[in-house]
Structures are given as structure tokens and as C-alpha cells.
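In: just need the structure, nothing else, for what follows:
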Amino acid sequence: MSEKITIRKIAAELGVAPATVYRVLSGRGSASLGTRRKVIRFARRYGYSLPEHKSGNVAVVVPGFTFFGYFGSMLFHLEKALHDAGFMIQLIPESDVAVLDDHVFDGVILLAWKSGEMLKLPEKYSIPVISLNAAYSVQDNIPLVASDGFGIERALNYLRSHGCLKIFFVGTILEKDPIAQERLEIFRLFCSRNGQPFENMHLALRGWDVAESVPQIIAQKADGVFCASETYGYRLAQAFRQAGIRIPEDISLMGMEYKELNSIVDPPITAIGQDFEKLANAAVLELIRAMEGKPAKNVRVPYTLIERNSVKILK
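Out: Residues are numbered from 1 along each chain as shown. Model (predicted):
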């Protein structure tokens, strides 16, 4: 179609009313699913969008609908930041990302990134996409907002400054997760600088059963452990207790902050915390910049240290 695309041309081509085309492309008003799909896909095929119009809709893509620990905290602040900026939110599990075909969105925030299809979203839908703590972005078209790596290094140095000379690192699976890879690389460099062994001193877990790491931690005679996940620290504390290992008398333990549980286990767990409010606000700010045609940028947000009683105090 070589002639200029307008609402009337789209309506005539699809056999619907111009008002229906406008309702669908504005993201407001009702239309059947079949009609909505036809209008949106036709408009995208020819690169048409309403002049100077925003739907006010933002899609947030998540791994699935299990929201506690990290995801519960992150989504709480992201919802507030988006609503404060005047956006309406549609939460989409990663397995159903094709839902983007059926709705008009001003932008997408990714909290999940396991599929190569995610890399194609900015071009496929001609909308800004921001990755929020989902992966270390090397793609120019998908900026990253994430916690910086210095918090991991700060935690490891904290353990060492409190007398831990053999620190064990418990992380999440590395496959297709560059942030998990980044954290493990920080641990490797820490080991190299401080003359402590790296091999056999780290374990990447697929699920939440951290008890499987206890035999390896004991076998390596670790005197400190850092858990690179919000949901691992308190679980490992329980596993140590069941194995008869005292914290911090026998081993010091640090994790990432999950305030609902880290502060009430015995002993309360020393942790580094992601600043979820700053992460959410930064992601929304970069999304708005991209919507306005300005270059969005990568943003790294510092961790905070929360000192409690799970790390040995040197006398």
C-alpha cells in the first residue's frame, strides 16, 4: 500500500468503522478481540500510529505469577512508580508475551528475559522496551536498569573484614542470566585478589532447596557464606540449624535483603539490599525518556548494607 495510511484507509481496508479503528489504536473503548487484532496488526504492518497520542498503557513482563521475595518487593514499587507517572499496567507472564499482539502499549518493562524473542520486541512493536534487573544488557535498543555489582563485592569484603577467610558463594542458575554470571565473576575476582580458592567454593541452584548446598559447604570448611538471592539466606539459615551448625559461632552468613524474613529468623541475617524504589523510579524515568524520543540509558543503582547478627564479630 503506497498511499498515505490514515484511520479511514485502515477502516476501509478492514471493513470496520473509523471510530472502531480509533478506539483500538487509542487503547480506549471496546472492540471485539478479532477486530482489535486485525486493526493492531494492520497498523503495525504499515507503521501507523495515532499522531501525538499515547494510550497510557505499559506492559510489565514477568517470569510467572509467583510474587514473593524479590519479585514481590520489585513489583510493589514498580506499580507505584508507573501509577504515579499516570500509566495503566498490564502484567504479562513471559510465556504469554504474544498478548502484546492484541493490545496497544506505549512501552514495555521486562522483569524476565529467557527468550531470544525478547530482543526483537522494540522493532516488532515499535515501542520502547526497558530491562529492569532482568539481564545485563548489551543491546543498544534495550537499556538496562539494575542494581550494580559493587554490592556483591561489598558483601564479600564485609565477610572478609569480619574474619572469614574461606567464603562460599551460593547463587542462582547461570543459564541465560547475565546478572547471575556477573555476580559469580565478581566472586571469582574477589577470590583471586584475596588468595582464597574459587573452585568448589560456589554453587548455582535451580530451585529453592538450598539444603543441598550444606554438604559441599561443610566439605570445603567454609567459615562464611554469601547467598546471592533474596530467598536463599533464611532458607540456608534453617538448613544450617537442622544440620547442627551454629550461626555465627560456626559460620557467618550473609544474604540479599528480604526484610519480611531476614529480620525475624534467629539470628537475624546481615544482608545487602536492593533499592527497589530507586530501581522502579529509574526504569519508569528511562521508559518515559524513550517514549519522548530521547535516548534512554543504562542505569545501575547501589545496594545498601543492613547489619544484623549473622556475621561473627571479631574480638
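
In: tell me where the stretch 101-250 of the chain has helices.
Out: Chain-ordered helices for the stretch 101-250 of the chain, with DSSP state H, counting those that start in this stretch as the definition, fall at 121-125, 150-161, 178-194, 214-219, 233-242.

In: residue 271: which of those helices is closest?
Out: helix 233-242 (6.4 Å; Cβ to Cβ). The C-beta positions use only the backbone N, C-alpha and C, and glycine is treated the same way.

In: now the closest one: buried residues?
Out: 233, 234, 235, 236, 237, 239, 240 (16 or more other Cβ atoms under 10 Å).

In: and of the residues you listed, the nearest to residue 303?
Out: Set against residue 303, the nearest of those by Cβ to Cβ is residue 233 (14.0 Å).

In: I'd guessed that closest one sits against residue 269; true?
Out: Yes: in this structure, residue 233 is within contact of residue 269 by Cβ atoms under 8 Å, at 4.8 Å.

In: now list whatever residues contact both of these two.
Out: With contacts defined as Cβ atoms under 8 Å, 6 or more residues apart in numbering, the residues shared by residue 233 and residue 269 are 253, 254, 255, 262.

In: which of those fall within helices?
Out: With DSSP state H as the criterion, helices contain residue 262 from among the shared contacts of residue 233 and residue 269.

In: for the buried residues of helix 233-242, give me TSV that also has pLDDT and distance to residue 144.
Out: Listed next are the buried residues of helix 233-242 as TSV, based on pLDDT from 0 to 100; distance: Cβ to Cβ, whole Å:
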residue	pLDDT	distance to residue 144
233	93	25
234	92	28
235	92	28
236	95	29
237	95	31
239	94	33
240	96	35
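
In: turn those residues into TSV, columns for distance to residue 134.
Out: Formatted as TSV, the entries for the buried residues of helix 233-242 read as follows, by distance: Cβ to Cβ, whole Å:
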residue	distance to residue 134
233	22
234	24
235	23
236	25
237	28
239	28
240	31
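
In: which stretches of the stretch 51-200 of the chain have low pLDDT?
Out: Scanning the stretch 51-200 of the chain for pLDDT under 70 picks out the ranges 51-54, 113-116, 135-140, 174-176.

In: rerun at 50
Out: The model of the stretch 51-200 of the chain has pLDDT under 50 over residues 137.

In: and the strands in it?
Out: When assigned using DSSP state E, counting those that start in this stretch, the strands of the stretch 51-200 of the chain occupy the ranges 57-62, 88-93, 107-110, 129-132, 144-147, 167-172.

In: and the buried residues of helix 233-242, which is closest to residue 284?
Out: Distances from residue 284 to these, taken as Cβ to Cβ, are shortest for residue 233 (28.8 Å).
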